[in-house]
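Student: coordinates only, sequence not included:
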């Protein structure tokens, strides 16, 4: 049985995603934090940019595994926006990543 840790900033939907994964993956242990997970699922909210503290959390959670999955929650906040939806100012694309691996906004 593998351990899947679900991490993210407050109000990103970590508890909801952890519960949904636990329902759908009964052969795995799904927790909201773990010191030695086999996999990490990072939840980011579509309504707020990632902060440096979020990146620190991701780095700590993922330090013991090679399997990290990203998930975006609260995407429904952008439905019906008439094209006014803009992404956050910080993007973690390779071209926008500093030498330390941190996003530059």
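Tutor: Cool, got the structure. Keep in mind it's a predicted model, so treat the numbers as computed, not measured. Numbers count the residues shown, from 1 in each chain.
Student: what's the neighbour count on the closest residue to residue 14 other than its chain neighbours?
Tutor: Of all residues not flanking residue 14 in the chain, residue 8 sits nearest, at 4.6 Å (C-beta to C-beta, 6 or more residues apart in numbering). No exception for glycine: its C-beta is placed from N, CA and C like everyone else's. Residue 8 has 25 neighbours, counted by other C-beta atoms under 10 Å.
Student: against residue 47, how distant is residue 8?
Tutor: As judged by C-beta to C-beta, to the nearest Å, residue 8 and residue 47 stand 13 Å apart.
Student: could you do residue 57 as well?
Tutor: For residue 57, the distance to residue 47 (C-beta to C-beta) stands at 18 Å.
Student: residue 32 too?
Tutor: Counting by C-beta to C-beta - residue 32 and residue 47 are separated by 20 Å.
Student: who's in contact with stretch 29-44?
Tutor: For stretch 29-44, contacts defined as C-beta atoms under 8 Å, 6 or more residues apart in numbering pick out 1-9, 12-15, 17-18, 21-22, 50, 54, 58, 61-62, 64-65, 67-73.
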